[in-house]
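# Mind folding the following:
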Amino acid sequence: MATRFFGFLLLSVFLGGLNASRPAINQELSSIFNELWRLDVNRMTPGIDYTISVQGRAGFVSQGSHVVHDHASQPLFSNVNENKLSNTTTFSRFMSILDNYERSTGVTERVTTEELTEINLFLDAVLETQVMKRAHQYLVSKGKSSSDLRLFKNQLNLIWFHLYHRQRNTGLDSCGFEHVFVGETKSGTEIIGFHNWVQFYLQEKNRHLDYKGYKAREHDLPDHDDHVLNLQFSWHGMVKPVSGAFIGTSPEFEMALFTIVFLMNTERSTTVLVNIDQCQMELVVIRHGRSLGTAYPKLISSNSRHVRQHSH
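Got it, this is the predicted structure:
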């Protein structure tokens, strides 16, 4: 009897282990994130405000390698409505911050008063959106943020813009915003962070970035209207083997999402599985003390394919 029970226990552990690689869907976060999705009026519409061409599936590249086979002869973005970008307050103020940072880690950031003003104006614009107002309301209801708007703004500032050491024995060389939205390079050999579509588009347009193709499972081909993609690209001669990014979403939507995941968890590294609109994705957040180390989406499946697969 004991051996049979032990065998059953081993089998249970093994089967449990097979499912343990992917967490269960977080229904509560999926619900609030879909609310934010519906409130994101600044989101760009595929085929109208921008057009992407996903092209070929990218091959395997090891981190730090400069050699990569190009599976996309065209840029990812064939056009973006720049007029709409510059006339949408959160986007235009977001773009004004993108050039404030030293690309390489290990190089101390020098912040001018003009740059501090740009950050301040950007946070003000974000806080005026329905997306961030709803996120704030949710965090207050969970006891994670103060209802005082000034204190919440300080909290966002600490999470996203507080400078810290990413590389040891150097000055303050990084922050959450720079890492996630702008991208950084490390030791001149690898790209770290860089999970934003606007920065991707601008760098591609200025020929600093070359899109190499998408990353996805065999049966899960991305479409031109997918709002999350796993991408491979080179930037200033370095290669990012895979980088998850939202496409078309507003900066306030991405900040709201990752701020909620950051504040709802205390572990150094958190991965939540959520369904947003027609996509199933993992949201990964890694802390750097009281600030954000990195945050990105990792597409699991899109266009409700995960729903269709389960209904068969």
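
# The protein: helices as residue ranges?
Secondary structure of the chain by DSSP state H: the helices cover 2-20, 27-39, 82-87, 89-97, 113-127, 130-141, 149-161, 176-177, 197-205, 251-264, 305-311.

# Show me the shaky parts of the protein.
Counting by pLDDT under 70, the low-confidence segments of the chain come to 1-22, 303-312.

# again, only this time at 80
Where the chain drops to pLDDT under 80, the residues are 1-23, 64, 167-169, 217-221, 302-312.

# Redo the helices of the chain as TSV? Include distance to Thr45.
For the C-beta atoms, the positions are set from N, CA and C on the backbone; glycine is no exception. Putting the helices of the chain into TSV (distance: least, C-beta to C-beta, whole Å) gives the following:
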stretch	distance to Thr45
helix 2-20	37
helix 27-39	13
helix 82-87	10
helix 89-97	14
helix 113-127	21
helix 130-141	16
helix 149-161	26
helix 176-177	26
helix 197-205	13
helix 251-264	14
helix 305-311	21
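
# among these, which is nearest His219?
helix 305-311 (8.1 Å; C-beta to C-beta).

# re earlier: and Ile191, which of the helices of the chain is closest to it?
Going by C-beta to C-beta, the one of the helices of the chain nearest Ile191 is helix 197-205, 10.9 Å.

# The closest one: how far from the chain's middle?
What separates the centre of helix 197-205 from the centre of its chain is 14 Å, taken as C-alpha atoms, centre = their mean, to the nearest Å.

# how much space is there between the residue lying closest to Glu190 once chain neighbours are set aside and Lys240?
Residue nearest to Glu190 in three dimensions, not counting chain neighbours: Gly64, with 4.9 Å by C-beta to C-beta, 6 or more residues apart in numbering. Noted for Gly64: a distance of 11 Å to Lys240, by C-beta to C-beta, to the nearest Å.

# These two: who's more crowded?
Per other C-beta atoms under 10 Å, whichever of Gly64 and Lys240 has more neighbours is Lys240, with 23 against 13.

# burial measure for the closest residue to that one other than its chain neighbours, as a count.
Sequence neighbours aside, Ile191 is the residue nearest to Lys240 in space, at 4.2 Å (criterion: C-beta to C-beta, 6+ apart). Ile191 is flanked by 23 other residues according to other C-beta under 10 Å.

# got the contact list for Ile191?
Applying C-beta atoms under 8 Å, 6 or more residues apart in numbering to Ile191 gives the contacts Gly183, Glu184, Thr185, Trp235, Met238, Val239, Lys240, Ser243.

# how far out from the middle of the chain is stretch 86-105?
That offset, for stretch 86-105, works out to 16 Å (C-alpha atoms, centre = their mean).

# no no, stretch 232-239
18 Å.

# what's the first-to-last distance across stretch 40-47?
End-to-end distance of stretch 40-47 (C-alpha to C-alpha, to the nearest Å): 17 Å.

# for it, which positions count as buried?
In terms of neighbour count (16 or more other C-beta atoms under 10 Å), stretch 40-47 has its buried residues at Asp40, Asn42, Arg43, Met44, Pro46.
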